[in-house]
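I need the structure of the sequence given here:
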Amino acid sequence: MNIVGFGSKVFLSRWQKRFSLFFFIGFLLGSPLLYGNDRQNDPEFALNLLRWGYVDLAEECAKNLLRNRDFLGENRSSLDRIGRGSAEYVLVEVEKAKADLATTEEERKRHLQKYEEMLKAFQRKYPNHPQALNGALNLLLTNRKEAVHQLVKAQVEADEKKRKQRIREGYQLFKKVIQDFKKLIKRYEKSIQTTVEQKMKELKAKEKDPFARDEIDEYYTQEYLARESDAFYELLRRRVLAEYILGETCLLFVRWQERLETDEDSHKYLKMAQDSFRKIEVDYSDFMSINAKAGLGLGEVLMRMGKLKAATNKFDGFTQFRFPFRAKDPVEREQQEAFEKEIACEAVHGLAKVWIKRKRYDNAILVVDKIFKKYPDALSTEGGRMALLAKCEAMTLLPNADPYKAMEEAFKVVEWSRKNEKKVPGRDFGVSALKAAVRMSQIRKLIKGQVQFAPEVSLMIATGFWETGKYKWAIYSYKDVISAPNVDEELVVLSLKGLGHCYYNTKRYEEAAMAFSGVLERFPHRSQEAVSLARQALGILSDKFGKEDEAVREFKKNLENRLGGASTMYNRGVEDRVAALKFKEENKNSLAVKRFKEAIKSFEKVKPVDENGKKVTYYGDAMASIGDCYYQIYKIEGKKEYLDKAIHHLEKMLRKFQGKDLRGWAATAYYLGKIYVDLEKFDKALKILKPFDDRLKSMKFYATPAKSLVIRSAIALGKNKIAEYQFKKLKDTEGPDSPRTAAAAQLLTATYAKFVDREREKIRNGFKIYSLFFNRTNLSDLIDSKKLVNHMLQKNEHGVPRLKIAETQAAKYAIFLYKYYKKKGTASFSQLYWYGDLVLKAKNYNAAIPIFEMLVKMRPKVDKKAPKGQATASQRYVFFAKTFLAHAYLGYGKQRHDINYLKKALKQYEELAKNKDFNRNIFVIYRVIEGKAVAAEEISKLTREKGDLAKAIQYYREFRQLLMKLTQRRYQYAAVKTVDEPDVQVRFYQVTYKLFELLYKIQNFREVVGRIKALKDAGADFGTPELKAKFELLLKEAKKRI
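Numbering: from 1, shown residues only. Have a look, this model is predicted:
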């Protein structure tokens, strides 16, 4: 995918105007290698590219599909039929994806507007296209998302006038979306009605009997059509989904009205939600998952309407939600169980909220405890987390409430959220936990120091207070974080920011300004962030009091004093460097070079100590930035003198800081390592970057990006263990979803693919080496090479599977050794068994037969310690050898169509089935019963006698009964199945079909018809569509013969 995509982009960027058709032909020639020849002209391929995140490539693919004459066809009036509409719909979806990826608000709005226009044009052009209605549904969901976005902004808006305006815009969007959903549902109903009428007309036209034509109106319903047609079922499901989303949107609108305390006409929208959910429950009960969600929504509507008893009954009914059937496929069954758990947890959350409203707090706590006892991992579902928060709320409302216990419960959610989502403290699900658990009238004691929290927890509490508008208590908690001993730098910065916002919202502007400028005072090395916040503080004072106000001038003077000396030059250098990097991105190279040189001059003026003789902590950052600026100039102008200057300066500083200034060493090592990685001098880069330790605070700022460089260098040098170790550390630090972790994972995946190719080549070369032994007289070399073969047949530490070539070559080697040992007469039982196993796996039955014949004649050792009546290990292996001999006979007989060997195999299987050790191993039971059935069937094909057919039917019945038992014990089937064999359910229907086919051959048609009808009535899925078609055909043929 990456190779094709990269090649196509490069090609397009240069030759798109002239050679777009050649590009597309090349693209299509490449794509079958990855996606199959049948996908060349399929717009679904472009949609898949879009789903995988390749937006530009999907757009190019769709445009080329529209330009390609083979795809369009000679007759342009039939474009709809051959997929032009689907290709155009890809371009519509591309616009939506661009809106999601937009970095600015203006760009996002522009793409959304264009997406809406393109979708409406598409619907006008292709009103009957399957994607037209789906596109309309997606557009409405996008508009709903936009409405929520406006209300979220209104929630944090400080200016009252702007806040009211945003609320008004968000409400108007919500109301428009609700009206549009109603129109969309009418369109779905019209489409369904048209489809039903058209199908009825077709049936009536085919039916000659007038009475039967009248019955069509009565029996041909939507439910019947949904069962018969997958396309109509999907259309009906979409219509039900639209009804559910309408109810959910009305409910969401009411929630936002309650949150913003503007419930002007909430009862009207609650009634609309109730009607939608009731319609789904009454008219569309077949759609179990949507029906369950609608039931929960209806419960919430009843609760908000004040019908608490009805809501209690509704939620209580879903706490034991179960599907009426269990899927046979293990993956589908697992999905069913996960959905049941999710519904039960959401129902318990709703039930707990109802009990709280009814002031039955003990009941609320009890139902939540029950669900966590039933599902210990309920925290993995959103309903489970919300249920736990409801329990916390109930605990704080008890007469003798202990808020600290409630906090402990709430922090379970906080901990889960931090582990699984890896977000900034205070911005994750923990905020909701604190809102529920912390009752403001009871928590003052905790905030004022009677109970001590860790700084991370205090920050979460403060953020929870800030977001709920309790600024006074938020200030207490933010100060706790700032004054805590040995607190992490990141937490202090976040607390100073939050403190500034709280002071600002309480109109204490001077203190807000001092809090914002505190970042600059305490952490000057975070210059860009600190200066930005300090200027924000100055802007706050200027806006409120005017630039000429005495307090503002005093603050400005103090700010300039703080920025004086080395700090001023460093900050100026940082600003120049940031501006230069921006110019470089915009391809304004001359301006970028100029600003880089100015940054170098500023950084050079930074001294290691200030006027007061104190050490300047950011001196090392300044010196390292000089080297990076030289390197950036080299990348723009390509002059080697700048590269030499960069490396020379950084190496000099690295020696200077070694063992004296850890932060300066870390900054210098990072930039120097980055240069060496860019120059592909990976050994030097790894040597410099490997000593990084993110446990040291002075290195922490540069340690994480350095890990990415270490991973890249280690991979290039083939040191995969170092790369994997650093990737694990990076994943723990950054989280699994960060861009840096994703890039490293992509590098490791590509490396693993190359490694597999190298291992395959090594195995092939290994066989070339030891195959030379066949032509040599020194047999000791050949015997010693057994270790090499054994090693090649095992999986290595990277899990590379053994290859077919390994089995084939090892089988040849085993045959040679068997002949050698037979001649010498010194072969042991275990050696022969090992050789025979290899040969049989390679399906070389002719060579396997003499090996196993020799094995079964060998006298087994007697184990004196074995209990009386039990077989020794050697005796059991003789039994296995007899089984393998029967397999070899059967395989050879099938290959050569030799009835004598087939009879030998059947006789051997029958003798094994009578042996006392037969029932001791499921592998033997399965293979012997299967072998009997196959051998008897092959014999009946050659003889065509009724007696042989009857024996084959008898053995297939026995095999079918065994498989029926194994469907209930899949773990046993997993122990006996080979790689090529299907799932036990499919295997069961394969054997069933074979049995019915044999019954058909002996003209037992009534049994065939009765058996297949019984399976259909029981709801059998027949394993695969191909098998189902075979059963249908066999049923049809058997009915004709009765």
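
which residues does residue 322 contact?
Under the criterion of CB atoms under 8 Å, 6 or more residues apart in numbering, the contact partners of residue 322 comprise residue 340. All C-beta atoms are positioned from the backbone trio N, CA, C, and that covers glycine.

and it, helix, strand or coil?
Here residue 322 is coil, with the state taken from DSSP: H, G, I helix; E, B strand; the rest coil.

could you report the pLDDT at it?
If you check residue 322, the pLDDT there is 80.

got phi/psi on it?
Dihedral angles of residue 322 (phi, psi; degrees, to the nearest 10) stand at phi -140, psi 140.

isn't residue 1038 up against residue 1005?
Yes. Between residue 1038 and residue 1005 there is a contact under CB atoms under 8 Å: 4.5 Å.

neighbour-wise, which of these two wins?
Set side by side, residue 1038 and residue 1005 give different neighbour counts by other CB atoms under 10 Å, the larger being at residue 1038 (22 against 16).

how close does that one sit to residue 1024?
Between residue 1038 and residue 1024 the computed distance is 21 Å (CB to CB, to the nearest Å).

ok, residue 1039 next?
In this structure, residue 1039 and residue 1024 are 23 Å apart, going by CB to CB.

which residues touch residue 642?
Applying CB under 8 Å, 6+ apart to residue 642 gives the contacts 630, 631, 633, 634.

how does it look with 7 Å?
With contact set as CB atoms under 7 Å, 6 or more residues apart in numbering, residue 642 has these partners: 630, 633, 634.

can I get the residues you listed in JSON lines including distance to residue 907 and neighbour count?
Supplementary listing: these in JSON lines, determined by distance: CB to CB, whole Å; neighbours: other CB atoms under 10 Å:
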{"residue": "630", "distance to residue 907": "86", "neighbour count": "24"}
{"residue": "633", "distance to residue 907": "87", "neighbour count": "24"}
{"residue": "634", "distance to residue 907": "83", "neighbour count": "19"}
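
okay, and which of the residues you listed map to helices?
Restricting the contacts of residue 642 to those inside helices, with DSSP state H as the criterion, leaves 630, 633, 634.

which element is the closest residue to the last one other than its chain neighbours on?
Distance criterion CB to CB, 6 or more residues apart in numbering; nearest residue to residue 634, sequence neighbours excluded, is residue 642 at 3.8 Å. The secondary structure element spanning residue 642 is helix 640-657 (assigned by DSSP states H and E).

buried ones in that helix?
If you call a residue buried by 16 or more other CB atoms under 10 Å, then helix 640-657 has these buried ones: 642, 643, 645, 646, 647, 649, 650, 653, 654, 657.

how about stretch 984-1003?
Buried-residue list, stretch 984-1003, by 16+ other CB under 10 Å: 984-996, 998-1000.

packing partners of the helix or strand hosting residue 116?
Taking DSSP H and E as the criterion, the element that holds residue 116 is helix 105-125. For helix 105-125, the elements it packs on are helix 84-101, helix 130-156, judged by 3 or more CB pairs under 7 Å, 6 or more residues apart in numbering; DSSP states H and E.

what's the angle from the longest one to helix 105-125?
Same thing as helix 130-156. Between the direction of helix 130-156 and that of helix 105-125, the angle (axes from the mean of the first three to the mean of the last three CA atoms, to 10 degrees) works out to 150 degrees.

swap in the shortest one?
With the same axes, to 10 degrees as the basis, helix 84-101 and helix 105-125 are set at 160 degrees to each other.

and helix 84-101, C-alpha only, in PDB?
The C-alpha coordinates for helix 84-101 follow below in PDB (Å, rounded to 0.1, in the frame of the first residue of the first chain):
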ATOM      1  CA  ARG A  84     -19.900   6.600 -11.800                       C
ATOM      2  CA  GLY A  85     -22.200   7.600  -9.000                       C
ATOM      3  CA  SER A  86     -20.200   5.600  -6.500                       C
ATOM      4  CA  ALA A  87     -16.900   7.200  -7.700                       C
ATOM      5  CA  GLU A  88     -18.400  10.700  -7.400                       C
ATOM      6  CA  TYR A  89     -19.600   9.800  -3.900                       C
ATOM      7  CA  VAL A  90     -16.000   9.100  -2.900                       C
ATOM      8  CA  LEU A  91     -15.200  12.700  -3.700                       C
ATOM      9  CA  VAL A  92     -18.000  13.900  -1.500                       C
ATOM     10  CA  GLU A  93     -16.600  11.800   1.400                       C
ATOM     11  CA  VAL A  94     -13.100  13.100   0.700                       C
ATOM     12  CA  GLU A  95     -14.400  16.600   1.400                       C
ATOM     13  CA  LYS A  96     -15.800  15.500   4.700                       C
ATOM     14  CA  ALA A  97     -12.500  13.800   5.700                       C
ATOM     15  CA  LYS A  98     -10.700  17.000   4.900                       C
ATOM     16  CA  ALA A  99     -13.000  18.900   7.200                       C
ATOM     17  CA  ASP A 100     -12.100  16.400  10.000                       C
ATOM     18  CA  LEU A 101      -8.400  16.900   9.400                       C
END
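
could you list the buried residues of it?
Using 16+ other CB under 10 Å as the test for burial, helix 84-101 gives 84-99.

poorly predicted segments of the stretch 851-1000 of the chain, please.
Across the stretch 851-1000 of the chain, residues meeting the criterion (pLDDT under 70) sit at 858-877, 916-921, 968-980.

list just the nearest of the contacts of residue 642 to residue 485.
Taking CB to CB as the measure, residue 485 lies nearest residue 630 of the contacts of residue 642, at 41.0 Å.

isn't that closest one up against residue 648?
No. Under the criterion of CB atoms under 7 Å, residue 630 makes no contact with residue 648, lying 9.1 Å away.

thinking again about what came up before, okay, the residue nearest to residue 634: pLDDT?
In this prediction, residue 642 carries a pLDDT score of 85.

distance check, it against residue 684.
In this structure, residue 642 and residue 684 are 19 Å apart, going by CB to CB.

cool, residue 493 as well?
The span separating residue 493 from residue 684 equals 34 Å under the rule CB to CB.

more neighbours: the two, which one.
residue 493 (19 against 16).

now that one: which helix or strand?
helix 489-505.

can I get the CA coordinates of that helix in CSV?
Below are the C-alpha coordinates for helix 489-505, written out as CSV (Å, rounded to 0.1, in the frame of the first residue of the first chain):
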residue,chain,number,x,y,z
GLU,A,489,7.2,20.9,36.2
GLU,A,490,4.3,20.1,33.9
LEU,A,491,1.8,20.1,36.8
VAL,A,492,3.0,23.5,38.1
VAL,A,493,2.7,25.0,34.6
LEU,A,494,-0.9,23.7,34.2
SER,A,495,-1.8,24.9,37.7
LEU,A,496,-0.4,28.4,37.0
LYS,A,497,-2.5,28.6,33.8
GLY,A,498,-5.6,27.4,35.6
LEU,A,499,-5.0,29.8,38.5
GLY,A,500,-4.7,32.7,36.0
HIS,A,501,-8.1,31.7,34.4
CYS,A,502,-9.8,31.4,37.8
TYR,A,503,-8.5,34.9,38.9
TYR,A,504,-9.6,36.3,35.5
ASN,A,505,-13.1,34.9,35.8
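
tell me which other helices or strands that helix touches.
The helices and strands touching helix 489-505, judged by 3+ CB pairs under 7 Å, 6+ apart, are helix 455-467, helix 471-483, helix 509-522.

and those, which is most packed in?
With neighbours defined as mean count of other CB atoms under 10 Å, the helices and strands packed on helix 489-505 peak in mean count at helix 455-467, which reaches a mean of 24.

just the helices in the stretch 301-450 of the chain please.
With DSSP state H, counting those that start in this stretch, the ranges of helices along the stretch 301-450 of the chain come out as 308-318, 330-357, 361-374, 382-397, 403-421, 430-437, 444-445.
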